[in-house]
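predicted model follows, preceded by the sequence.
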Amino acid sequence: GQQLNQSPQSMFIQEGEDVSMNCTSSSIFNTWLWYKQDPGEGPVLLIALYKAGELTSNGRLTAQFGITRKDSFLNISASIPSDVGIYFCAGSRIQGAQKLVFGQGTRLTINP
Amino acid sequence: NAGVTQTPKFQVLKTGQSMTLQCAQDMNHEYMSWYRQDPGMGLRLIHYSVGAGITDQGEVPNGYNVSRSTTEDFPLRLLSAAPSQTSVYFCASSSGRREQYFGPGTRLTVT
């Protein structure tokens, strides 16, 4: 089945650095979301994007819905230890956050 | 609100056994769904429901049945478990077409 292409697969950074990850697709998605998953937990929503070109922030996190509707990126500024985890992008071909297709995830590790 | 709850948290089955994974939400959400997550992969949609009495298949429905008799509950049934169904199962719910909220997951091993 189709999944979104998420990159990088893993990142090892120093505390305080900025982080950037992205998600691409060969087909159009009308909704993009970014989730974070901690070990043994379910995904937790970080940011939801509903319009092409939309740029949305949530604290130190910023995400954008690509203008072609085939990609999205997530930036984390000034990383802190609690940012460690796996980040997933998810997309929906319908307008709204249902019937999600997920990326493979980006595992973020932070060296203090 | 408890949000989305799932039981059991862990389960071990033998090949051929049947079981039901429970999912409940207390947010009066009309939309509920089941996903599975395999190691190193994102979540994949198994089945979903847009309201009581209405269900439909997702990306990987084979080997799973669902029903939705109430707004609150959306159980997932494995009729004859197979090792390929070893996975972590997540239930999610949402209101309208807004963001989905996920439960804590059920870790299933089939031997």
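Done, it's in.

so what's A:Ser79 up against?
Applying C-beta atoms under 8 Å, 6 or more residues apart in numbering or on different chains, we find A:Ser79 in contact with A:Ile13, A:Glu15, A:Gly16, A:Glu17, A:Asp18, A:Val19, A:Arg60, A:Leu108, A:Ile110. Bear in mind the C-beta positions are built from the backbone N, C-alpha and C, glycine included.

specify the local secondary structure of the residue of chain B found nearest chain A.
Of all residues in chain B, B:Arg97 sits closest to chain A, at 2.3 Å by C-beta to the nearest C-beta. The three-state label given to B:Arg97 by DSSP: H, G, I helix; E, B strand; the rest coil is coil.

just confirm it contacts A:Ile94, I think it does.
Yes: between B:Arg97 and A:Ile94 there is a contact at 7.4 Å, judged by C-beta atoms under 8 Å.

more crowded one of these two?
B:Arg97 (15 against 11; other C-beta atoms under 10 Å in any protein chain shown).

ok so, going back, show me what contacts the residue of chain B closest to chain A?
By C-beta under 8 Å, 6+ apart, the neighbours of B:Arg97 are A:Thr31, A:Ile94, A:Gln95, A:Gly96, A:Ala97, A:Gln98, B:Tyr31.

just the buried ones among these, please.
Buried members of those, scored by 16 or more other C-beta atoms under 10 Å in any protein chain shown, are A:Thr31, A:Gly96, A:Ala97, A:Gln98, B:Tyr31.

can you flag which of these belong to strands?
Counting by DSSP state E, those place A:Thr31, B:Tyr31 in strands.

can you give me the buried ones in stretch B:15-23?
B:Met19, B:Leu21, B:Gln22, B:Cys23.

helices - which of the residues you listed land there?
In helices, judged by DSSP state H, none of those are found.

and which of the buried ones among the contacts of B:Arg97 is nearest to A:Asp83?
Closest approach to A:Asp83 among the buried ones among the contacts of B:Arg97 (C-beta to C-beta): A:Ala97, at 23.0 Å.

in this structure that closest one contacts A:Asn30, no?
No: between A:Ala97 and A:Asn30 there is no contact, the gap being 10.1 Å when judged by C-beta under 8 Å.

identify the residue nearest the closest residue to chain B within chain A in space, chain neighbours excluded?
Residue of chain A nearest chain B, by C-beta to the nearest C-beta: A:Gly96 (2.3 Å). Among residues not flanking A:Gly96 along the chain, B:Arg97 sits closest, at 2.3 Å (C-beta to C-beta, 6 or more residues apart in numbering or on different chains).
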